[in-house]
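S.K.: sequence and computational prediction follow.
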Amino acid sequence: MAATANSAVPPHVKVSGSRLRSANHNISISCPAAKSFLSINCCSSEGLRDHQDFSFQASSISSRNFSDGRNGVSGSYLGASVQKRSLVGQTFCSAGVCTFGEHALGSPSHAATERVGVLLLNLGGPETLQDVQPFLFNLFADPDIIRLPRPFRFLQRPLAQLISVLRAPKSKEGYAAIGGGSPLRKITDEQAHALKMALEEKEMPVNVYVGMRYWHPFTEEAVHQIKKDSITRLVVLPLYPQFSISTSGSSIRLLQSIFREDPYLSRLPVSIIKSWYQREGYIKSMANLIEKELQSFSKPEEVMIFFSAHGVPVSYVEEAGDPYRDQMEECISLIMQELKSRGTNNDHTLAYQSRVGPVQWLKPYTDEVLVDLGQKGVKSLLAVPVSFVSEHIETLEEIDMEYKHLALESGIENWGRVPALGCTSSFISDLADAVLEALPSATTMSTTSTSEDDTEDPVKYAINMFFGSILAFFLLLSPKLISAFRQFL
Ligand SMILES: C=CC1=C(C)c2cc3[nH]c(cc4nc(cc5[nH]c(cc1n2)c(C)c5CCC(=O)O)C(CCC(=O)O)=C4C)c(C)c3C=C
Ligand SMILES: [Fe+2]
């Protein structure tokens, strides 16, 4: 078992003791406590602090663009779309190499030869049933998924091993039901190809890379290829419309730690599109899919539009400052606004699915709302997965099988589900625009430390190990903890 897990662990990225602070990071924040989703008390303010770290240098282009776009203003954040036009207008491009006029990218005196890369970040998924446990190990070993307080951090990997082994049988059943593995790699590769084509059509030849957080191709592999290809300007695009510490945040934090360590990467201009749920092209593409699917019902106007988002533990939002819930709610309201503007006035609701482990997750829970709606007499329901843009286990198994079954059992008679966006052309074209808009604002990655590494100071490490072991020993004997582990099954 250990051998399997080891072979699947992503290439190790050593984090050095140097903690350079970005000049841009001058915000001092204190937050009461960031709790892990195992709900162990912690007095770290990491979640919120890291969120701020990302936000100063990650592109906020999309959010400003949208409000400009909605008001019919074509200019945008720092004139990005104006720059985009000049950028496209002034480029000479061939086979992935673009020469930009000095104006376009703000280079001081010389025109630069650019090799532009786009790095798509995604979660990754097991491709076979044998991959499931090591994939889960990678997921639970991520301190952005299980946030342990500092004295317990040495337990991260043993805990991940334990939880992944406990959880694997249930997960395997799910993956077996959708054909024996996750379709994520294939779909993400297709999206990468479609994005490359869309950018080529917009006269911007780029190399597109896929970096997964928990399975192949790992982010480290993508970064290795970016270096090999001598990319000179990079746009990072997480394939999650809304930002969460547990998804885009985790991937960006990993990138920061890789880039910090490497002289070439630390000088590479990078633009990170942190979230893009409010982009007009995305909202319209979602509205198109919903409108189309509503037509498959005999009485479309009576259908309840049921947005189902992947949940996160409440503590992420309420204690660690995760903007995920706010962004999700805004996203839903924008989609509904768009539908209303087209004369579609259906009722709608939002619930959160896929909770794991013993703590409180964002509410209301999808399964409970479905039962409730059925009991209240709702007869037709259209499920809309909204936190992810590919089909995956939670659409294909959880929604299409488990939730459908539950809904029909609860009295709902007509069930439909909107497909994930995948390679929908209006969506891909909008992602391509997002990349073009982000390119001019690329700057070198933050050198800010994103986690404090206890191994830096051997004395501190030994003290933490000592007290941590004693605490862990008593905790492991506690019936509360034993019952907590049962929640993963
Ligand atoms: C926006 C999307 C997602 C958020 C937020 C998110 C948070 C989150 N997830 C887990 C635990 C698991 N996630 C699993 C699979 C999975 N998660 C997402 C997306 C988000 N996760 C996707 C797209 C997938 C599917 C990948 C695929 O193979 O198709 C799994 C494994 C499956 C299972 O056993 O249920 C786990 C476990 C946590 C703990 C978390 C926030 C803290
Ligand atoms: Fe998840």
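M.R.: Happy to help now that I have it. Ligands and ions are numbered 1, 2, ... in the order given.

S.K.: switch to C-alpha atoms for all contacts and neighbour counts from now on
M.R.: Fine.

S.K.: burial count for Arg342?
M.R.: 11 (other CA atoms under 10 Å).

S.K.: from Cys331, how far out is the closest residue to ligand 1 within the stretch 201-350 of the chain?
M.R.: Evaluated by CA to the nearest ligand atom, the stretch 201-350 of the chain has Val312 as its residue closest to ligand 1, separated by 4.7 Å. Distance, Val312 to Cys331, by CA to CA, to the nearest Å: 16 Å.

S.K.: those two: which has the busier surroundings?
M.R.: Val312 (27 against 22).

S.K.: for the nearest residue to the more buried one once chain neighbours are set aside, grab the count of nearby residues.
M.R.: Nearest non-adjacent residue to Val312, counting by CA to CA, 6 or more residues apart in numbering: Trp361, 5.5 Å away. Counted with other CA under 10 Å, residues neighbouring Trp361 total 22.

S.K.: for Trp361, give me the pLDDT.
M.R.: pLDDT, Trp361: 97.

S.K.: alongside ligand 1, which residues does the stretch 51-200 of the chain contribute?
M.R.: Residues of the stretch 51-200 of the chain found near ligand 1 (CA under 6 Å from any ligand atom) are Gly125, Pro126, Ile145, Ser171, Ser182, Leu184.

S.K.: look up phi and psi at the residue of the stretch 251-400 of the chain found nearest ligand 1.
M.R.: Nearest residue of the stretch 251-400 of the chain to ligand 1 (CA to the nearest ligand atom) works out as His392 at 3.7 Å. The phi/psi pair for His392 (degrees, to the nearest 10) reads phi -160, psi -180.

S.K.: okay, and for the stretch 301-450 of the chain, where does confidence drop off?
M.R.: Residues of the stretch 301-450 of the chain meeting the criterion pLDDT under 70: 446-450.

S.K.: need the helices for it, in chain order.
M.R.: For the stretch 301-450 of the chain, the helices defined by DSSP state H, counting those that start in this stretch occupy 314-318, 324-341, 366-375, 393, 404-409, 425-438.

S.K.: low-confidence regions, the stretch 151-300 of the chain specifically.
M.R.: Judged by pLDDT under 70, no stretch of the stretch 151-300 of the chain qualifies at all.

S.K.: quick one: the helices in it?
M.R.: Using DSSP H, counting those that start in this stretch, helices in the stretch 151-300 of the chain cover 156-177, 184-201, 219-228, 250-260, 263-266, 280-294.

S.K.: how about those helices in JSON lines, adding mean neighbour count?
M.R.: What follows is the helices of the stretch 151-300 of the chain, written out as JSON lines (neighbours: other CA atoms under 10 Å):
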{"stretch": "helix 156-177", "mean neighbour count": "18"}
{"stretch": "helix 184-201", "mean neighbour count": "19"}
{"stretch": "helix 219-228", "mean neighbour count": "17"}
{"stretch": "helix 250-260", "mean neighbour count": "21"}
{"stretch": "helix 263-266", "mean neighbour count": "16"}
{"stretch": "helix 280-294", "mean neighbour count": "20"}
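
S.K.: determine the longest strand present in the protein.
M.R.: strand 112-122 (DSSP state E).

S.K.: tilt between it and helix 219-228?
M.R.: Strand 112-122 and helix 219-228 are oriented at 170 degrees to each other (axes from the mean of the first three to the mean of the last three CA atoms, to 10 degrees).

S.K.: can you tell me what sits against strand 112-122?
M.R.: For strand 112-122, contacts defined as CA atoms under 8 Å, 6 or more residues apart in numbering pick out 96-102, 188, 192, 205-213, 219, 222, 226, 230-240, 248, 251, 435.

S.K.: hmm, which of these are the buried ones?
M.R.: 97-101, 188, 192, 205-213, 219, 222, 226, 231-240, 248, 251, 435 (16 or more other CA atoms under 10 Å).

S.K.: residue contacts, the closest residue to Asp430 other than its chain neighbours?
M.R.: Excluding the flanking residues, the one nearest Asp430 by CA to CA, 6+ apart is Gly281, at 5.1 Å. Listed by CA under 8 Å, 6+ apart, the contact set of Gly281 reads Ser426, Phe427, Ser429, Asp430.

S.K.: got it, and Thr349?
M.R.: Met304, Ile305, Phe306, Phe307.

S.K.: now, the residues you listed that are in strands?
M.R.: Among the contacts of Thr349, the members that lie in strands (by DSSP E) are Met304, Ile305, Phe306, Phe307.

S.K.: settle this for me: the third one is touching Val378, isn't it.
M.R.: By that I understand Phe306. No. The pair Phe306 / Val378 is not scored as a contact, 11.3 Å apart, by CA atoms under 8 Å.

S.K.: who has more neighbours out of these two?
M.R.: More crowded of Phe306 and Val378, by other CA under 10 Å: Phe306, with 23 against 20.

S.K.: bridging residues for the more buried one?
M.R.: Phe306 has the following beta-bridge partners by DSSP bridges: Thr349, Ala383.

S.K.: list the contacts for it?
M.R.: Phe306 neighbours (CA under 8 Å, 6+ apart): His348, Thr349, Leu350, Ala351, Leu381, Leu382, Ala383, Val384.

S.K.: nearest spatial neighbour of the last one, chain-adjacent residues omitted?
M.R.: Taking CA to CA, 6+ apart, and ignoring the residues beside it in sequence, Val384 has Phe307 as its nearest neighbour in space, at 4.6 Å.

S.K.: now Gln327: how far from Val359?
M.R.: In terms of CA to CA, Gln327 sits 22 Å off from Val359.

S.K.: what does Cys331 give?
M.R.: 25 Å.

S.K.: do Tyr264 as well
M.R.: Taking CA to CA, one finds Tyr264 at 42 Å from Val359.

S.K.: next one: Ile178
M.R.: For Ile178 relative to Val359 (CA to CA), the value is 28 Å.

S.K.: got it, and Val418?
M.R.: From Val418 to Val359 the distance is 29 Å (CA to CA).

S.K.: more neighbours: which of these two?
M.R.: Each of Val418 and Val359 has its neighbours counted (other CA under 10 Å); Val418 has more, 21 against 18.

S.K.: can you tell me which residues contact that one?
M.R.: Leu289, Ile290, Glu293, Leu382, Ala383, Val384, Pro385.
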